[in-house]
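A.B. asks: could you work out the structure for the sequence below:
(4 chains)
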Protein chains: 4
Amino acid sequence: MKKIGIIGGAGYTAGELLRLLINHPEAKVEFIHSTSHAGAPVTDVHQGLAGETDLVFSDTHPLDSVDILFLCSAHGHSREFWENNGRPSGLKVIDLAQDFRDESDGYVYGLPEINRDRIARAASVANPGCFATAIQLSLLPLAAAGLLPVGGDINVTALTGSTGAGVKPGATTHFSWRTDNISVYKPFTHQHLKEIGATLEKLQPGNTSTINFVPMRGDFARGIFAVTHLDCDLSEDEAVALYKDFYRDAPFTIVSDRPIDLKQVVNTNKALIHVEKHGRKLLITAAEDNLLKGASGQAVQNMNIMLGIDETAGLRLKPSAF
Amino acid sequence: MKKIGIIGGAGYTAGELLRLLINHPEAKVEFIHSTSHAGAPVTDVHQGLAGETDLVFSDTHPLDSVDILFLCSAHGHSREFWENNGRPSGLKVIDLAQDFRDESDGYVYGLPEINRDRIARAASVANPGCFATAIQLSLLPLAAAGLLPVGGDINVTALTGSTGAGVKPGATTHFSWRTDNISVYKPFTHQHLKEIGATLEKLQPGNTSTINFVPMRGDFARGIFAVTHLDCDLSEDEAVALYKDFYRDAPFTIVSDRPIDLKQVVNTNKALIHVEKHGRKLLITAAEDNLLKGASGQAVQNMNIMLGIDETAGLRLKPSAF
Amino acid sequence: MKKIGIIGGAGYTAGELLRLLINHPEAKVEFIHSTSHAGAPVTDVHQGLAGETDLVFSDTHPLDSVDILFLCSAHGHSREFWENNGRPSGLKVIDLAQDFRDESDGYVYGLPEINRDRIARAASVANPGCFATAIQLSLLPLAAAGLLPVGGDINVTALTGSTGAGVKPGATTHFSWRTDNISVYKPFTHQHLKEIGATLEKLQPGNTSTINFVPMRGDFARGIFAVTHLDCDLSEDEAVALYKDFYRDAPFTIVSDRPIDLKQVVNTNKALIHVEKHGRKLLITAAEDNLLKGASGQAVQNMNIMLGIDETAGLRLKPSAF
Amino acid sequence: MKKIGIIGGAGYTAGELLRLLINHPEAKVEFIHSTSHAGAPVTDVHQGLAGETDLVFSDTHPLDSVDILFLCSAHGHSREFWENNGRPSGLKVIDLAQDFRDESDGYVYGLPEINRDRIARAASVANPGCFATAIQLSLLPLAAAGLLPVGGDINVTALTGSTGAGVKPGATTHFSWRTDNISVYKPFTHQHLKEIGATLEKLQPGNTSTINFVPMRGDFARGIFAVTHLDCDLSEDEAVALYKDFYRDAPFTIVSDRPIDLKQVVNTNKALIHVEKHGRKLLITAAEDNLLKGASGQAVQNMNIMLGIDETAGLRLKPSAF
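C.D. replies: Purely as a prediction, here's the structure:
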């Protein structure tokens, strides 16, 4: 059993990580650190685990006692963590914040669909953002084939669940406001555009296409549903074949022949992709669970790859379906 | 046009009051006071009014400029308000907090179904609580007929919408937690039991029955749905006749021959009551909109009665239905 | 009081119409016809009206007894209705189906924001589609100014509430499936594109722009939220001024200076529009209640205009807000 | 690997069963029979399984090819099935309908918390109803201790998710109606009262207490939340100890020291129970996932017991939490 440490244990991504690792066949959580809840049972905070664990939030984080460390704190805190703590040699690290997604400090960008081999060899992995995962999975096969429209528009509208906004309550996560409501935020300026752009530039250098990304707040707790369209010369059959071929070896990214809906993937680590052609436009829809393939599930997938065990271990999850 | 002042203008009940008064044929809001939002357009906070009003939150509350004052601050603050402010003679007052529901300081308990005449003559009215309204409307006809079970149990389970918990965000109004969720709070001890008990004691002195009240948090924003049952010797026909007769003159309390559902009343000032007999048990279901008949709608109804105008003025509201 | 007849009385749009007309100061519903529910009280079907009306569904439709007739049947049935029934001279007609939105047979397209004067003189009005209303309101000021991008893309993604799918239950309106779910339907091919295209062509002949419209099923009952973007040379200030100027006299279409959310308009006849500039893209968000400004509310607005009464009569509705 | 057959494969309980068995370490689905969908991939109907299985609905059900058979058809059809089909000796059967819950024809009532040993020896098991499971788990420790109030009232109000109503769409599962709505159905007469009564009579013969059960439709897809109270002489500490002791060996029934909420158990096979004392009343709240502990999860639990494997195999499910 590999020994696991978690920093920032009271947030949503840490909770989901714990819910995964508690049933993982090859992992054992050694400590889960939380400044705010130190000393309290984790089931006080992550209440869905009632009856399943006696773990208590720790106020220490003995880094030399674990094989792999997950950083689940807010953006900016991961970099800060390493300024204040020495890193034992041999310790593997997966950061769920955005601090190292630019691959600085030797981190590898943890999107297995393009970086599986690099992740397998990496000591440090920067886990992708939730929107970034859905949008990249929608575009990777095209970029890899050099088919992003040079100088053209890539139009993306995507809805996210409220868990994407974190555990701290606020005006836009107040139930009275959010339920039955839809709104736009950070249009054309969302921070995930940066990591998406970096990936696409690597796959199709100089593509000069523009991503017009309009993120929306959905009135559901879990999931991201992304609608993308762009000019493309491929026929529908060619496009479907391109996508299926690209994701042939990806255990969690599935190209669906049928139109998809969000709940097909909720509570799973899967991303579903569907491709259609309308006139000159290629339409790509993508669905994922923002806390799983969009965060903690992908983090465990990266852990599996880094540890050389079955990529799907601990991630064969029953879909909620309803 | 009667001139209206509102204290505590940024909360949910003040917002609903404003949404009602803005279209009221005989009322004009003279000021709406808010410490936290003074100077801001009310549409910054009560955004559903966009395009309908230029009102600005006031940092003063010139009590002698208005005919009637609504107190919409948190519980305890109404009493405090009068400790710090003189009350012009002739000013009518409706308090939406629980401070004067015990009819202290000359306040009349503002439940028109039993106190219409006293309200018409009152200078000060204490508006009932939301659960208290639904539960009293479920029991008034029995109490008035002396039919509450002496020494017996009255079992009430009721669900409330999230707006009942106020505008301040917290753990139990976080969308991620509340959506698709159900929970119990303050079982057997909810503060509204006090005003309910006082009313029932007045109507059926010495009834010695016990209300076993289990309040629940529902995963919807608006509404209260209350299920009540108790031992009763009446036949179903007799009970229905008793209820219909009791509410004959109540414009908003309607005894339905069909089973009811919550959304029949959402966004209206109506309370729907349905009565069935099963064995020796009388089952009473009641539905209301917690912000309307359960708060601001009933406050306007009381205002209408106090001002001697049509009780339904400004309250003939289109149901949401969906 | 004008006398009203309604055909197709059991559906959602007829129900909403009834909920509006029952409190309309100058209208009286003379008959509401339903083949399937003839003889039943309308409150059996439109249950939100419990206690407010004794109307019964009629099995006859005496056209000469009314001043104005609303056709609320399914698409195709309006044209069929006139094949089987004579039309009294002097009878005004508003059709809520799509049968005459091409302005055939003398119908005027009932979008007051462009056709107020023609509607005022019309005997027959074809009420616009729900998506069509939201999308046209997003684009009218640009088209009127000749600013649609010639040969360019207009990208529209919009979500609709489940009431848009009608009262008949089916797989995609099953609660178990729809709740917490998001999906795409009829991408690039939705039937409303036809009436939108016709309007834009009239305002900016030969504009040759393409509308890439991706409709989505939202997990809420009421409302449409539309996100539109396109290339535009105007600055943000110029665009906002253009929109505000265009809608200066529209009582229900409001240009908001703040970002908007869907619930601001739910249960009102308002459409809210917000305009931002990002790089070369103009982003327009629009929100409406699909059953009100998107259907029955706009039908009453058209009725008011046709009858020469205040355009807002019966339509000053309290927003739900929550 | 044990070979599994499923009859009635297109419904909700069969879908959930399949989602469980597909990852079960010791089971393999040999056939899943559906009259209506024979020949179609199961992922056409149970879409959450996209990418996880190539199974196709079968139009035959070769009973001698499997070790254990799950009957997932509508109530009444299981009895009918055996009238039309011979049963191979050695075939184990679990019926999810209510046909044999009276333990007729040699079926054992499949509630492991009281019948684990009998289930282990049974050839045929009748899986309990969803409400019946939640309510029995709320009362078993009292009944076993002879503490049900003789001649007294047991008051139960419980809400169920929409999946309890099955896959066939209808008026009360229409999203437009159900969302944000609450209603009562079958008060005092729900069919599950029968199996609950039989169990309690067995544990505390002649208890003569009456269960006043008011079932409610909740506006969520998954889950049952049940509130029960009754007169009880135990102190709170004694009651908690009684419950904890009774469920000591039950891997999925957990007595929580904290008040519970529904989502703690959604997507798990757990039942959470919480006990409080108020005056003379014992208050018991219980939460379960109606499709898991309330149906297919408990069926797999029974299968595990019948096959002599770990009771929790295939049932260590990640909670949804949100």
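
A.B. asks: going by C-alpha atoms from here, please, whenever you check contacts or count neighbours.
C.D. replies: Noted.

A.B. asks: residues in contact with stretch A:278-288?
C.D. replies: For stretch A:278-288, the external contacting residues (Cα atoms under 8 Å, 6 or more residues apart in numbering or on different chains) are A:134-135, A:137-138, A:223-233, A:236, A:260-262, A:265-266, A:269-277, A:294, C:188.

A.B. asks: how many residues are close by A:Asn85?
C.D. replies: A:Asn85 is surrounded by 10 other residues when neighbours are defined as other Cα atoms under 10 Å in any protein chain shown.

A.B. asks: now do it against A:Glu103, distance only.
C.D. replies: Between A:Asn85 and A:Glu103 the distance is 20 Å, computed by Cα to Cα, to the nearest Å.

A.B. asks: on that earlier part again, out of the contacts of stretch A:278-288, which sit inside strands?
C.D. replies: Where these overlap with strands, as defined by DSSP state E, the overlap consists of A:224-231, A:271-277.

A.B. asks: that older thread, out of the contacts of stretch A:278-288, which are buried?
C.D. replies: Buried residues within the contacts of stretch A:278-288, defined by neighbour count using 16 or more other Cα atoms under 10 Å in any protein chain shown: A:134-135, A:137-138, A:223-232, A:236, A:260-262, A:265-266, A:269-277, A:294, C:188.

A.B. asks: filter those down to the ones near chain D?
C.D. replies: When the buried ones among the contacts of stretch A:278-288 are checked against chain D using Cα under 8 Å from any Cα of the partner chain, the ones in range are A:Val265.

A.B. asks: OK, now which residue of the stretch 101-250 of chain A is nearest to chain B?
C.D. replies: Using Cα to the nearest Cα, the single residue of the stretch 101-250 of chain A nearest to chain B is A:Phe175, 4.1 Å away.

A.B. asks: so that residue is in contact with B:Ser162, correct?
C.D. replies: Yes: at 6.8 Å, A:Phe175 and B:Ser162 qualify as touching, with contact defined as Cα atoms under 8 Å.

A.B. asks: who has more neighbours, the two?
C.D. replies: Applying other Cα under 10 Å to A:Phe175 and B:Ser162 shows that A:Phe175 carries more neighbours, namely 32 against 27.

A.B. asks: ok, the more buried one - contacts?
C.D. replies: Taking Cα under 8 Å, 6+ apart as the criterion, A:Phe175 is in contact with B:162, B:173-176, B:178-179, B:221.

A.B. asks: please list all residues in contact with the residue nearest to A:Gly170 when sequence neighbours are not counted.
C.D. replies: Counting by Cα to Cα, 6 or more residues apart in numbering or on different chains, A:Gly170 lies nearest to B:Pro169, which is 5.8 Å off, once chain neighbours are set aside. Neighbour list for B:Pro169: A:169-171, A:174 [criterion: Cα under 8 Å, 6+ apart].

A.B. asks: list just the nearest of these to A:Asn304.
C.D. replies: The closest of the contacts of B:Pro169 to A:Asn304 turns out to be A:Pro169 (Cα to Cα; 32.9 Å).

A.B. asks: let's verify that closest one: helix, strand, or coil?
C.D. replies: A:Pro169 carries the three-state label coil when classified by DSSP: H, G, I helix; E, B strand; the rest coil.
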